[in-house]
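Undergrad: What shape does this take:
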Amino acid sequence: TSLKNRRYLNIKVHFEEEFWSLGLAKVVGSLPAEKCIELVQKVLTQFMLNYYEDIVCVTTDGASLMQKMGHLSNCDQQLCIVHGIQLGVQDVFLYKKPSTSAKTVLKGISDDENSSESDDDTTNDDEEDFSDGFQVVMSEKDDTIELTDDLQPLIAKVRTIVKLFRRSPTKNDKTLEKYTVDEFGKAFSLILDSKTRWSSLHTMLERFIKLKNCIRKSLIDLESKIEITDKEYDLISSVVACLAPVKLAVEALCRNDATLLSADTTLMFMVNNLGDTELAIKLKAALVRRINERRTSFSSLLHYLHNGHQRYENLDPALDFEHLSKLAIVNAIVRLNERLNQRADEHLLYTSFSSDSDSVNCTANLSLKEKLDMAILNDKMCKNKGRSNVAKDLSKTIRKEIAVFEEEGTRGSGTYLKNSYEYLKTIKPTSVESERGFSASGNFVTKLRSSLDDDTLDALCFLRTYFTKEKTSTK
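TA: Coordinates of the predicted model:
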């Protein structure tokens, strides 16, 4: 959605190891799944592509609209794996509304905030600190935090401390910045996480641990009643240690050259390096569940076609990846080639039918109109019959190719296995590239250029990809 409150659909086509941005398509009115498919087909047609016959798979985020679009489409769908990882992290750590028993317990924090210096440069820090929905309440019995399994109270407390300094330049300049310069030789500031970016939680907590001594001294100078104990700092450190491999995995998944093969390798690396603490085990279970919700049979098929059963059967059991049977492998390859090789099959069927001498003899004595009617009828009958025979012959051919592949380890050249392998390598495991496109379009549509025409914005996004590719190829 632009600054002018207009909505756009971003479409990118990936092939081999490259991709093309097809620009931004303007969304007019509501956008149900059926209309979304029509809009995508319309854009693809401009580039002589067919949504049902040329597209191997569509990679989208997990929005309900996009999921329904995938169900209605003839082509397959891959939901963004990075989005699944984000949901897994959120399941364990953050952004759920805490219950009364799970709220942060900080005795007198409201009084402490209200007693801030009168010359503070910000207005009512207390109200801003509570604007995110994580309200901090007082306890009459205890002034320490009793941690819960979801870590919500501790994270809420950290965010409160971060906002205490970020939203008050006076407090930050007089205390925190002074201590960071003394300890590190330069000024460091605290970082506040974003609820829509889980990785910002790791960044916030990592900086918080780095500046823990400076924070303690600053809170003492401010006579604040907020306190982080050593036990809580240890827990924060364990959270940072758990999220570190997850953050590395996400960065690898977001690379331009990421495929379903590299995605599985990255996910196995992430799960195996989470550690064996109670927190890590809980995070691992959440991530595995979310990943398996989004991983398709295409990933297992690609593993099989890449290195055969040896690699296919040695996938990490911790992730519980789907293992396809021989029949499922054959059916998947048949279905893939039938859909994406329709034009070649139709050409073969037409050639076979037109060379049938019996058909020619039968129509020799008919009138011109009768010949036309007979040709139409025979075309329908022979096409259906021929397509059925082609499917059976295709299945037999693929079984023979699989037997050779498992015995010799080669897919051959121009075979159905080779074609399927090339098709599957084009599927992207994430929708990150489209998100990059939206970020780039935000550089065009600014407050100073908020009235750009839709066609102008579409052309700018298309040309940006073109010139970026040209610049990269010349290096």
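Undergrad: does residue 26 count as helix, strand or coil?
TA: Under the three-state scheme (DSSP: H, G, I helix; E, B strand; the rest coil), residue 26 adopts strand.
Undergrad: Next, find the distance separating it from residue 58.
TA: According to CB to CB, to the nearest Å, residue 26 and residue 58 sit 20 Å apart. C-beta coordinates here come from the backbone N, C-alpha and C atoms, glycine included.
Undergrad: Quick check: closest non-adjacent residue to residue 204.
TA: residue 193 (4.2 Å; CB to CB, 6 or more residues apart in numbering).
Undergrad: neighbour-wise, which of residue 26 and residue 58 wins?
TA: The neighbour count for residue 26 versus residue 58, taken as other CB atoms under 10 Å, is higher for residue 58 (21 against 14).
Undergrad: so where's the chain uncertain?
TA: Within the chain, the ranges that satisfy pLDDT under 70 run 94-150, 309-318, 320, 342-367, 369-392, 475.
Undergrad: quick one: secondary structure of residue 77?
TA: At residue 77 the chain is in strand, as set by three-state DSSP.
Undergrad: should've said residue 288
TA: helix.
Undergrad: unless I'm mixing things up, it is touching residue 271, no?
TA: Yes. At 6.7 Å, residue 288 counts as touching residue 271 under the criterion of CB atoms under 8 Å.
Undergrad: between the two, who's got more neighbours?
TA: Neighbours were counted for residue 288 and for residue 271 using other CB under 10 Å; residue 271 has more, 20 against 17.
Undergrad: roughly how far apart are that one and residue 303?
TA: For residue 271, the distance to residue 303 equals 16 Å [CB to CB].
Undergrad: Let me know whether my guess that residue 68 is in a strand holds.
TA: No. Going by three-state DSSP, the assignment for residue 68 is helix, not a strand.
Undergrad: Look up how far residue 75 lies from it.
TA: Taking CB to CB, one finds residue 68 at 14 Å from residue 75.
Undergrad: again with residue 297
TA: 14 Å.
Undergrad: cool, and residue 205?
TA: Residue 205 sits 41 Å away from residue 75, going by CB to CB.
Undergrad: again with residue 85
TA: Distance from residue 85 to residue 75, by CB to CB: 25 Å.
Undergrad: Of these two, which one has the most company?
TA: residue 85 (25 against 16).
Undergrad: So the more buried one belongs to a strand, correct?
TA: No. The assignment for residue 85 (three-state DSSP) gives helix, which keeps it out of a strand.
Undergrad: Would you agree it is in contact with residue 250?
TA: Yes. With contact defined as CB under 8 Å, residue 85 counts as touching residue 250 (6.0 Å).
Undergrad: which residues of the chain fall in strands?
TA: 7-15, 18-27, 57-60, 76-79 (DSSP state E).
Undergrad: For residue 91, find the nearest of those.
TA: Using CB to CB as the measure, strand 76-79 is the one of the strands of the chain that comes nearest residue 91, at 16.3 Å.
Undergrad: CA atoms only: put that closest one into CSV for me.
TA: C-alpha atoms of strand 76-79 as CSV (Å, rounded to 0.1, in the frame of the first residue of the first chain):
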residue,chain,number,x,y,z
ASP,A,76,1.7,-25.8,-7.2
GLN,A,77,2.3,-23.5,-4.2
GLN,A,78,5.2,-23.0,-1.8
LEU,A,79,4.5,-20.9,1.3
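Undergrad: Contacts made by that strand with the rest, please.
TA: Residues outside strand 76-79 that contact it (CB atoms under 8 Å, 6 or more residues apart in numbering) are 56-62, 66-67, 69-71, 260, 293-294, 296, 298, 427-429.
Undergrad: ok, residue 9 touching residue 37?
TA: No. Residue 9 is beyond contact range of residue 37, at 10.9 Å (criterion: CB under 8 Å).
Undergrad: Those two - which one has more neighbours?
TA: For residue 9 versus residue 37, neighbours defined as other CB under 10 Å are more numerous around residue 37 (19 against 16).
Undergrad: Kindly provide the distance from the more buried one to residue 338.
TA: Residue 37 sits 20 Å away from residue 338, going by CB to CB.
Undergrad: now do residue 256
TA: Counting by CB to CB, the gap from residue 256 to residue 338 is 30 Å.
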